[in-house]
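Trainee: Below: sequence and its predicted model.
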Amino acid sequence: MEQFQGKLKLEAKGQLYDILLAIGQQTLDDYNPCDWRNGKCRRMRSSKDDGGCCEGCEHLSPKGCTVQSLGCKL
C-alpha cells in the first residue's frame, strides 16, 4: 500500500507495466485480432485496406512485433 501513497516507485511502475503488457499479450493471443499468416496480418491481406495497422513499423518482423510495447498491445 505504501507504493500507492503519492507517486509509484520506479520498481513498482516497472512491475505494473510488465503485468499490463502480459495481460495485453494474453488478450491478443486469446482473440487473435491480427490473424497473422505468412508474415501478414488480417488488414494487410485485405483488399479493402491499403495496409495494416503495423505496416511500416520499424519493429515489425515476419514473425510479428520485435519489441514489448504496451501502446502497441492496446
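Mentor: That came in fine, so what should we check first? Residues are numbered from 1 along each chain as shown.
Trainee: Let me know how buried residue 57 is, in neighbour terms.
Mentor: By other CB atoms under 10 Å, the residues close to residue 57 number 14. C-betas here are computed from N, CA, C, even on glycine.
Trainee: And for residue 44?
Mentor: 20.
Trainee: That one belongs to a strand?
Mentor: No. Residue 44: not assigned to a strand; according to DSSP: H, G, I helix; E, B strand; the rest coil it is helix.
Trainee: wait, doesn't it sit right on residue 60?
Mentor: No. Counting by CB atoms under 8 Å, residue 44 does not reach residue 60; the two are 9.9 Å apart.
Trainee: contacting residues for residue 68?
Mentor: Contacts for residue 68 (CB atoms under 8 Å, 6 or more residues apart in numbering) come out as residue 21.
Trainee: three-state assignment of it?
Mentor: coil.
Trainee: Show me the helices in the chain, by range?
Mentor: For the chain, the helices defined by DSSP state H cover 10-31, 42-45, 70-73.
Trainee: Would you reformat those helices as JSON lines and include mean pLDDT?
Mentor: Output for the helices of the chain, formatted as JSON lines (pLDDT from 0 to 100):
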{"stretch": "helix 10-31", "mean pLDDT": "89"}
{"stretch": "helix 42-45", "mean pLDDT": "77"}
{"stretch": "helix 70-73", "mean pLDDT": "79"}
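Trainee: Kindly compare burial across those and name the winner.
Mentor: Mean neighbour count (mean count of other CB atoms under 10 Å) peaks for helix 42-45 among those, with a mean of 16.
Trainee: how much space between residue 56 and residue 15?
Mentor: For residue 56, the distance to residue 15 (CB to CB, to the nearest Å) stands at 32 Å.
Trainee: ditto for residue 21
Mentor: For residue 21 relative to residue 15 (CB to CB), the value is 11 Å.
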